[in-house]
Structures are given as structure tokens and as C-alpha cells.
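Q: give me a 3D structure for the following:
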Amino acid sequence: MSAYQNVFDLSMEDSETFWSEAATGIVWDKPWEKVLDDTNAPFYRWFTGGELNTCENAVDRHVKAGYGEQPAIIYDSPAAGEKRVYTYADLQQKTAQLAGALKACGITQGDRVIIYMSMVPEAVFAMLACARLGAVHSVVFGGFSAKELAVRIDDAKAKFMLSTSCGLEPGRIVDYKKILDEALDMATHKVDGCAILQRPQQPCALVSGRDVDWNEFIADIEPAACVPVAATAPLYILYTSGTTGQPKGIVRDNGGHAVALQWTMTNIYDVGPGEVYWAASDIGWVVGHSYIVYAPLFNRNTTVLYEGKPVGTPDAGAFWRVISEHNVVSMFTAPTALRAIKKEDPKGELVRDYDLSRLRAQFLAGERSDPDTIDWVQRHLQVPVVDHWWQTETGWAIAANPLGIEHFPTKPGAACKPMPGYDLQALDDEGKILAAGELGNLAVKLPLPPGTFPTIWGDAERMRDNYLTAYPGYYLSGDSGMIDEDGYVHVMSRIDDVINVAAHRLSTGQMEESLCRHPDVAEAAVFGVADDFKGELPLGLVVLNSTVQRDANQICNELIAGVREDIGAVAAFKLVAVVKRLPKTRSGKILRGTMRKIASGEDYVVPGTIDDPAILDEIAEVLRQLEYPKTAGNK
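A: Predicted coordinates:
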């Protein structure tokens, strides 16, 4: 029996022994009473009765163990033209100081703090400072609009805000403070105050009585100690798109999160303490939370905080420079980033300009990786490329190639094998386990392992309805796929209408709501179309009111601007066309899946429930005239 199979079987047959052994790698202030608590099943909890502090496990214990001079964070910002290194001792001092400032203004255990910051070290200090106090942080990605930020302020009922004056993008500066001010005006819930980190590229004016300059905020402050909290207490809220357009606040707890993430660093990523690890993502997305900040620091790695792009800062060799300069041994990014590099440097000539001899593996996640990209990366980097699958909800990989346990051959298009703790099955619509190679709905038999989400913020029933009801006793992932005869997991597409745009999970329903707010629009449908660069792009079709006489192109431009205003540039919404009618079932359900197949050039079957099959020909003609990136599958 293989090493992987032994480990996986133990996690299935005796999960409490498996995870209690993993938990010995974490410092506990109070030992747990139960490893797995099924009292409120299907809402399982891990390590109930135990107490710990996440910041202590990420920072203080390493200083105490004598590793204070080891680099903890390498900040590399081609966007700002700046590089800085922070040791673990530096990180302890910065985090304790900021935690003291938050404590001085009344932040205590359980309070929510929203972090709306660019990719600067202070954003990491902010996350850890909240964890140090037992406060709950919620990082909102800077690409979101004022409206989206306001929704999160209201849902979390945030007590305090931490922000930067601006963000930096190639060729432009994003005015974070303007967005923040608009969001605070929109929000019905009012925060107690905001601390603003002034960036020299664009300082901002402060609102008297509400805003405080960051440096003044932390000046002459008594550092705060780590506060032990229950293992089951919330560490953070991370909002992800819902099919209704209302964001879901995914909750992560303290205990199971620390145990699982530290375990992954050595067993999945094969990275030992003291080595340099890089996740090229952003905080505000789950990859940034798990693998820029928490997991590497739990494991005493040096983590790279990169503020830049894969191309354009300055060229398509940017990633290779960072790997070479900082001695990165394992890297994690989205396939979109590597497709961008491949587009600019198809022959991989820039790879040869750098010494990548220390790099041992390239991990990919965020959307399904196309075989061409995987082949290109393996050919030029000469290291294993691991396409693994996980979600905001799970916080770490459901399926992966566990390089620290056993290295399996790569199958392009497959996310390798289920990870310990995940009893993954492909189910048919009735809940029957499908045979190998049969396409179904991917679901995990409960309980989910530690580190996954225990609930949705303020709405446990929404978790039950969205994830636990379709197949009682299972977590429905929302993805369709199959498990082949070798046990490899193939994730094919989303079951619902949430799409992945450059690894950002976005709701098409939310975009439809924005389109329908336009006074000339009667109804709208948005669906994802395959794109070789971003994975998916949203495409919108709208039906105008019968009285509209205006130019359709002008209306489409207004619709694109409206989605950008409502959701933000992160939606990458640029494709919209006017149609006379939308294909529907007799019961009135819009056939988005069928239109998606038409747009992507896939074969499709005319649904038997369709109201008028002739509509599909009309839609196909409109899509033929609409210019959008063509993929290998397009006809």
C-alpha cells in the first residue's frame, strides 16, 4: 500500500487520532476536550474546549523558540519600486503595536474589523493584530466597488476600518479612500473609526472625527499581548459571491484552521520550516489568507508578499525574477497568471534569464488549468506542476498531489487525488455514488476536515440550504466532475451560475441585477464563456423595453459601465448584446447553460422543456456577430 493510501485511510478510519496528532504541531493554551464534536451535526466542530491564539502560533512562538532573526515576510513591490524584509521579531513588534492601538480604541474579542488595503506589509500586520486580540477580521479586496464594500460593512457590522489611501495598478492609481468614503456613506451600519495608511503615491484627506492617520494611530502605544480564544471562535470572515447576488460570509475558526494549514505546508506543498514560499495572489481572496499569510507563518516559512502583476511590472519575467532573487522553493498562482506570461513570452525565453534551480514545484488553483498551459510550464520550469482543487469554503485543498507524502504522475486536467479528511464522491441527482469515470456532482461526506468553514456569518441556515440539503450527510461542492479509475479527481465546471474570472469567483446573478437596473432593460441573462486567458468571461444578453428607440451600442456601453460601478473592474464585464428574447423553459426558467454552450462552440441538445426552440437560432446568430475571445473549442 502506498504512503498516500496509508495516510488517507487513517484520516477516514480514525479521523480523531489523525487530527489530534496533527494538532501537536500547534501551541495550545488549553487542550481540547473533544477532537470532533458532533453535538450539532451537520454543523460539526473541531477541538471544542481547546484554547489558543492564532497570532501566537504564526509569530510569537517562533521568536520564543529562537528564530526571531529569520525573515518572515519579503515585501517585493515593483508597483511601488520598493522591497522590504521583516524578521519574525519585526513582525511580532509590528503586530503587537497595531493590536495595542486597536485595543486602545475599544476593539475586543469578537469585534469585527474590516481591512480594505492594498498589498502592503501593514495589511498582514492588520490581520495578525486582529487575531492577536481575538477580534474577527474581514479583508475586502481592493478591486471591489463602494457598493460591495458597503454590503460587507453592513453584514459584518464592523466596528473599525483599516485602509490604505490608494492601491497601485500598472499605469494607474486606484483611489481607495474615495471608494471607502462612498461605502461608509452607503452603509446603514456606522463604524467607530478608520485608520488610514497614507501611501506616498496618493495621500488622502482625512474625515475629521472619524479618520486617523496610521502612524498617529500606532504612536506611543503599549503593545498588546496575545489573547487566548476558543478553538471554535471565529478568526475571520471572507465574503464570496452567492448565486442570489448577496455575498456569503464564510467563517474560519481558530483551532481547526491552524492545525490543517500547518499540516498542508509539509504534506501537500513539501516545504520545510525556514524555506521561502510564495503564493502569488492577493489577501482578500482565500489563497492570500491561507497561503500568503497563515500557513507559511504557522510553518515558520519566509513568505513573499508581492505587489505587482505577472506581466507589465515590468515584463513577463517578473515571476521568474522573484523566484530567483528570493530563493523560492515552491510557488502557488492561478492559471490565468501563467497564461498571461505565456501570451507575452510564448517561447519561454525570459525563463532562461534567471536561476530557478531552487524551485521544486509550481502549484495552480483558482480555475481549471488547461493542458496546454500545464505542458508549457512543465517544459520551461522543469518542475512538477500541481493543479489542485479547493474553495473559499474549504480553505485548503480538497484534491491535490501531496508532494510531501507521495508524488503522483501528472494528468493534465485532473486535480490529482482527494486529500486526507475529504471523503469525496461523484453523485448523481438522486445521491447515488457514481462509478469511476462517470460525470456527477462532486460532494464530500460529512464531517468536513478541520480548517473548513463551520458556518456562514450570521446565517447558519443559509449554509444548510446552500451546501447540506441537496445530499443529506454530504457537503455539496457546487462543482461537477468525475473520479477516474486511478482515483484522480477531474473538476469540470460549476453546477450553478457562479463563474471564475481570473480565479475570482463572481456571481452572474449579481451582474444580471445590475443590468436590469438600467431603465431601458426588460430582462437579462449573464453566463460564463470559456476564455483562454482568464478562464471564463461573463457575457450578458439583454432584452430591451419595447418602447426603447435609442441606439443599442450606446445602451450596451452604459450597461458595461453600470456593472463596473456596481461590482467593480474585477468582474471584467465587457461583453453584452441586445436580443429580442431569451430562451426559456415553459415554466419561465432562462436556459443559461444552453446559451453558454452555444457561445463556447460546444455541442448541445435542445432541451425538451424549451418554450420555443427557434429562439436558440436567434441567439446563435447574435453571438456570431458579437466579438469575444475565441478558444480552441469555439466553432
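Q: tell me the domain boundaries of this structure?
A: 3-406+415-477, 498-625 (automatic domain parsing).
Q: which of those domains has the highest mean neighbour count?
A: Ranked by mean neighbour count, the domains of the chain are led by domain 3-406+415-477 with a mean of 20 (mean count of other C-beta atoms under 10 Å). (Glycine included, C-beta is placed from N, CA and C.)
Q: what is the mean pLDDT for stretch 460-478?
A: Averaged over stretch 460-478, pLDDT sits at 95.
Q: pull that stretch out as CSV, backbone CA atoms only.
A: Output of stretch 460-478 as CSV, limited to C-alpha atoms (Å, rounded to 0.1, in the frame of the first residue of the first chain):
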residue,chain,number,x,y,z
ALA,A,460,-26.3,29.0,9.7
GLU,A,461,-29.5,28.1,7.8
ARG,A,462,-28.1,29.6,4.6
MET,A,463,-25.2,27.2,5.0
ARG,A,464,-27.6,24.3,5.4
ASP,A,465,-29.7,25.4,2.5
ASN,A,466,-26.8,26.1,0.1
TYR,A,467,-24.5,23.2,0.9
LEU,A,468,-26.0,20.5,3.1
THR,A,469,-29.6,19.9,1.9
ALA,A,470,-29.2,18.5,-1.6
TYR,A,471,-27.5,15.4,-0.4
PRO,A,472,-28.1,14.8,3.4
GLY,A,473,-24.9,13.8,5.1
TYR,A,474,-22.8,15.5,2.3
TYR,A,475,-21.3,18.9,1.6
LEU,A,476,-22.2,19.8,-2.0
SER,A,477,-19.2,21.5,-3.5
GLY,A,478,-21.2,23.2,-6.4
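Q: check the offset of that stretch from the chain's centre.
A: 20 Å (C-alpha atoms, centre = their mean, to the nearest Å).
Q: list the beta-bridge partners for the closest residue to Gln378 other than its chain neighbours.
A: Closest residue to Gln378 apart from its sequence neighbours, by C-beta to C-beta, 6 or more residues apart in numbering: Val385 at 4.9 Å. Residues in a beta bridge with Val385, per DSSP bridges, are Gln362.
Q: now do Phe160
A: With DSSP bridges as the rule, Phe160 is bridged to Val113, Gly193.
Q: which residues touch the lengthiest helix in the chain?
A: Looking across the chain with DSSP state H, the single longest helix is helix 88-104. Applying C-beta atoms under 8 Å, 6 or more residues apart in numbering, the contact partners of helix 88-104 are 55, 59-60, 62-63, 67-73, 86, 113, 121-122, 124-126, 128-130, 132-133, 135, 160, 195, 217-218, 221-225, 297, 300.
Q: and if you look at stretch 51-58?
A: Stretch 51-58 is contacted by residues 26-30, 95, 99, 128-129, 131-132, 134, 226-231, 235, 254-255, 257-258, 262, 293-294, 297-298 when judged by C-beta under 8 Å, 6+ apart.
Q: quick one: end-to-end distance for that stretch.
A: For stretch 51-58, the first and last residues are 15 Å from each other (C-alpha to C-alpha, to the nearest Å).
Q: how near is the residue nearest to Gln378 to Trp376?
A: Separation of Val385 from Trp376 (C-beta to C-beta, to the nearest Å): 9 Å.
Q: over to Arg339?
A: The gap separating Arg339 from Trp376 is 9 Å, by C-beta to C-beta.
Q: returning to that earlier point: just how off-centre is the longest helix of the chain within its chain?
A: 26 Å.
Q: what of stretch 270-288?
A: 13 Å.
Q: what does stretch 562-573 give?
A: The answer for stretch 562-573 is 18 Å, by C-alpha atoms, centre = their mean.
Q: and what of stretch 58-66?
A: Put simply, stretch 58-66 sits 28 Å off its chain's centre (C-alpha atoms, centre = their mean).
Q: what's the first-to-last distance across that stretch?
A: Termini of stretch 58-66 sit 14 Å apart (C-alpha to C-alpha).
Q: now do the SS call for Gly601.
A: For Gly601, the assignment made with DSSP: H, G, I helix; E, B strand; the rest coil gives coil.
Q: for it, give its distance to Tyr422.
A: 34 Å.
Q: okay, now the unreliable bits of the stretch 451-600 of the chain?
A: Applying pLDDT under 70 to the stretch 451-600 of the chain flags the ranges 493-494, 496-500, 503, 505, 507, 509, 585-589.
Q: residue boundaries of the helices in it?
A: For the stretch 451-600 of the chain, the helices defined by DSSP state H, counting those that start in this stretch cover 460-463, 508-516, 552-566, 592-599.
Q: export these to JSON lines and tack on distance to Ala80?
A: JSON lines is the format used below for the helices of the stretch 451-600 of the chain (distance: least, C-beta to C-beta, whole Å):
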{"stretch": "helix 460-463", "distance to Ala80": "39"}
{"stretch": "helix 508-516", "distance to Ala80": "32"}
{"stretch": "helix 552-566", "distance to Ala80": "25"}
{"stretch": "helix 592-599", "distance to Ala80": "39"}
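Q: ok, which of these comes nearest Gly312?
A: Across these, Gly312 has its closest neighbour in helix 552-566 (20.5 Å, C-beta to C-beta).
Q: tell me what that closest one is packed against?
A: helix 146-156, helix 508-516, strand 535-544, strand 575-578 (3 or more C-beta pairs under 8 Å, 6 or more residues apart in numbering; DSSP states H and E).
Q: quick check: mean pLDDT across the first one?
A: Which is helix 146-156. Here the average pLDDT along helix 146-156 is 94.
Q: can I get that helix as CSV, trimmed to CA atoms?
A: Below are the C-alpha coordinates for helix 146-156, written out as CSV (Å, rounded to 0.1, in the frame of the first residue of the first chain):
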residue,chain,number,x,y,z
ALA,A,146,-18.1,51.1,-2.9
LYS,A,147,-21.4,49.3,-3.0
GLU,A,148,-19.8,45.9,-2.5
LEU,A,149,-17.7,47.2,0.4
ALA,A,150,-20.8,48.8,2.0
VAL,A,151,-22.7,45.4,1.8
ARG,A,152,-19.8,43.8,3.7
ILE,A,153,-19.7,46.6,6.3
ASP,A,154,-23.4,46.1,7.0
ASP,A,155,-23.3,42.3,7.1
ALA,A,156,-20.3,42.1,9.4
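Q: so it versus helix 552-566, what angle?
A: Angle, helix 146-156 to helix 552-566, by axes from the mean of the first three to the mean of the last three C-alpha atoms, to 10 degrees: 40 degrees.
Q: do the second one as well
A: Angle between the axes of helix 508-516 and helix 552-566 is 130 degrees (criterion: the same axes, to 10 degrees).
Q: all strands for the stretch 401-550 of the chain, in order.
A: Applying DSSP state E, counting those that start in this stretch to the stretch 401-550 of the chain gives strands spanning 417-418, 423-427, 440-445, 474-483, 489-494, 498-501, 504-507, 521-531, 535-544.
Q: sheet-wise, list the partners of the shortest one with their directions.
A: Paired with strand 417-418 in the same sheet, following DSSP bridges, are strand 399-400 (antiparallel).
Q: show me the shaky parts of the stretch 301-450 of the chain.
A: For the stretch 301-450 of the chain, residues meeting the criterion pLDDT under 70 lie at 368.
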